[in-house]
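>>> Turn this into a structure:
(chains A and B)
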Amino acid sequence: MLVKEEVCKNLSDEEIIKKSLLEIDYFACLYNRYDKKLLRYIKRLSMTSEEEANDILQDSFIKIWRNINNYDSNLKFSSWVYRIVHNETVTHYRKNVSFGKNNTVKIDNSDNLDISEDDDAGNNEEHYILTHKVLQKMSLKYREVLVLSFLEKMSYTEISDVLKIPEGSVASRINRAKKMFKSIVEKENISINE
Amino acid sequence: MENSESLIDKIKAEKVKPIPKWKFSIKEKFISIIFIIALLFGGLSFSIILFAIQQLDFSLITHMTHSWLEFSLAILPFLWIILLVLFLVFAMLGIKNSKSGYKFSLSKLFLFNTSFSILIGTFFFISGGAGWLENKFAVNVASYESIQEKKEKMWNIPQEGYLAGTIKNINPIEFELESFQGKNWIINYENANKPGFMVLENGVEIKIIGKIISDNKFRADEIRPWGGSGRFRNSKGR
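Just a heads-up that it's a prediction; the model follows:
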């Protein structure tokens, strides 16, 4: 590791940014701080393979580095990072869709989903797999708000900052997405205990 | 090799450098300037629309043979209405593309931009700037037909009962009127209605609804100041 983990641990995101601008190796601290969460988010959003998700994440971090001077400290750093990763994932996803590629991963077991200990759903693997199966059937516009709200556990303000839409639109989109989720569950006759 | 290490190696190998802060601040400032200019020009457009509405003179509508819609369509400055809409769209795009623009809904942005343009426009109109600006356009832009030109055309149809011009040689029954097209008329105003605040004297510009009696004689039924209803006249009254 370029900068020792103990050193990274004691620094805030903003401090790491400042140090990175003087010594690039510190940027690895940010990567290591967020990579697991973001990798999981990429996979949840685009249902892509581990390898491709890693590529998206690396491209995203290069973009973060290039735009680091544009980070607005009024925003939570995590929201800003999620925004860039989100945009990169969506671009990648749309490119795949428009070129007719189907790189989505079949969700038959939890290996592809990368369930973490902090996921409530992690306690019920079957429930978790079914949830993702339903999400896979939803359009990206509605899937993204459900993933951010219920799986990434973000507040409306954070989702608004990630997706760059007003908070009111976040609320109405989540509401519509929940209805859509429910109708898919009923249509496909999937049993998910709430 | 750890992913973070390969990321740093890639950044170093490809010599990826952060974009300088000044480039972002120039972009932000450019967006702000576009927003402010669009808002100001939107206000100016609105003031000219107000000026055109003032020129309609609603108090005469009941006396007119032309319909209200016909009269409005003939005089309303569609160029300025289109410009107002365009400037509002530019202002909205400006604020939407600013750092925090996404936090506001389109309806809120529309309401804010429109209210601001209305406020600026009303202030400019009351201060007499709208008529001045419109006149500047008429003088300097050859293909531009000003509201005054349109209005003069509309008020020079004596055979339909519309006449306008400047009073010359007035007596208690009649006065001589030089129309804006340069023709002299004898106007009988014995039984004409006019607003109480209005004083008829030599040099005053007026518009008349009435009836043509002979080649150069006209009977006035309604007389109004040339500049709108006369309540918000600019310094020249035109």
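
>>> Distance check, the residue most central in space within chain B against chain A.
For chain B, the residue sitting closest to the mean C-alpha position, by C-alpha atoms, centre = their mean, is B:I48 at 1.3 Å. Between B:I48 and chain A the distance is 33 Å, computed by C-beta to the nearest C-beta, to the nearest Å. In short, each C-beta sits where N, CA and C put it, glycine included.

>>> what's the answer for B:D215, then?
Distance of B:D215 to chain A, given as C-beta to the nearest C-beta: 68 Å.

>>> Now the residue nearest to the centre of chain B. Nearest residue, chain neighbours left out?
Leaving aside its sequence neighbours, B:I48 sits nearest to B:W80 (C-beta to C-beta, 6 or more residues apart in numbering or on different chains; 4.6 Å).

>>> residues in contact with the one you found?
For B:W80, the contacting residues are B:S45, B:I48, B:I49, B:A52, by C-beta atoms under 8 Å, 6 or more residues apart in numbering or on different chains.

>>> Then it would be within a helix, right?
Yes. B:W80: assigned to a helix according to DSSP: H, G, I helix; E, B strand; the rest coil.

>>> Please report the distance of it from chain A.
31 Å.

>>> Please report the distance of that residue from B:S127.
Applying C-beta to C-beta, to the nearest Å, the value for B:W80 to B:S127 is 18 Å.

>>> again with B:A38
21 Å.

>>> picking up where we left off before, so which of the contacts of B:W80 is the closest to chain A?
Taking C-beta to the nearest C-beta as the measure, chain A lies nearest B:S45 of the contacts of B:W80, at 27.7 Å.

>>> can you tell me how far the closest one sits from A:Y82?
Separation of B:S45 from A:Y82 (C-beta to C-beta): 41 Å.

>>> Output the set of residues of chain A in proximity to chain B.
Proximity of chain A to chain B (C-beta under 8 Å from any C-beta of the partner chain) is limited to residues A:1-2, A:21, A:24-25, A:27-28, A:31-32, A:35, A:54, A:57-58, A:61-62, A:65-70, A:72, A:74, A:160, A:164-169.

>>> Drop anything exposed from these.
Neighbour-count burial (16 or more other C-beta atoms under 10 Å in any protein chain shown) is assigned, among these, to A:2, A:24, A:27-28, A:31-32, A:35, A:54, A:57-58, A:61-62, A:65, A:68, A:70, A:160, A:165-167, A:169.

>>> which residues touch A:I42?
Residues in contact with A:I42 (C-beta under 8 Å, 6+ apart) are A:T48, A:A53, A:I56, A:L57, A:V85, A:T89.

>>> Which two among the residues you listed are spaced furthest apart?
Maximum pairwise distance in the contacts of A:I42, criterion C-beta to C-beta, is 12.6 Å, between A:T48 and A:V85.

>>> Show me which of these two is the more surrounded one.
A:V85 (25 against 22; other C-beta atoms under 10 Å in any protein chain shown).

>>> On the three-state scheme, A:I62 is what?
Three-state call for A:I62 (three-state DSSP): helix.

>>> I'd guessed it sits against B:S6; true?
No. Using C-beta atoms under 8 Å, A:I62 is not in contact with B:S6, being 11.4 Å away.

>>> How confident was the prediction at B:A52?
Residue-level confidence at B:A52 comes out at 84, pLDDT.

>>> can you list the domains in chain A?
Using automatic domain parsing, the domain parsing of chain A gives A:1-105, A:110-194.

>>> and these, which one is worst for confidence?
Across the domains of chain A, domain A:110-194 gives the lowest mean pLDDT, at a mean of 82.

>>> Report the distance from that one to the chain centre.
Remark: domain A:110-194 is offset 11 Å from the chain centroid, using C-alpha atoms, centre = their mean, to the nearest Å.

>>> again with stretch B:116-131
For stretch B:116-131, the distance to the chain centre is 9 Å (C-alpha atoms, centre = their mean).

>>> circling back to that earlier point, if you count what's nearby, which of B:A38 and B:S127 comes out ahead?
B:A38 (22 against 11).

>>> thought the more buried one was touching B:F87?
Yes. B:A38 lies in contact with B:F87 (C-beta under 8 Å); the separation is 4.7 Å.

>>> for chain B, what's the longest helix?
Looking across chain B with DSSP state H, the single longest helix is helix B:21-56.

>>> List the buried residues of it.
Buried residues in helix B:21-56, defined by neighbour count with 16+ other C-beta under 10 Å: B:24, B:31, B:34-35, B:38-56.

>>> Return the distance of it from the chain's centre.
Mean-position distance between helix B:21-56 and its chain equals 15 Å (C-alpha atoms, centre = their mean).

>>> That helix packs against which elements?
When contacts are defined as 3 or more C-beta pairs under 8 Å, 6 or more residues apart in numbering or on different chains; DSSP states H and E, helix B:21-56 packs onto helix B:68-75, helix B:78-96, helix B:106-126, helix B:129-140, helix B:147-154.

>>> hmm, back to that, restricted to helices, list the buried ones among the residues of chain A next to chain B.
Members of those lying in helices (criterion: DSSP H): A:27-28, A:31-32, A:35, A:54, A:57-58, A:61-62, A:65, A:160, A:167, A:169.

>>> what helix or strand does the most centrally placed residue in chain A sit in?
In chain A, the centroid-proximal residue (C-alpha atoms, centre = their mean) is A:Y41; its distance is 2.5 Å. Here A:Y41, judged by DSSP states H and E, is contained in helix A:27-46.
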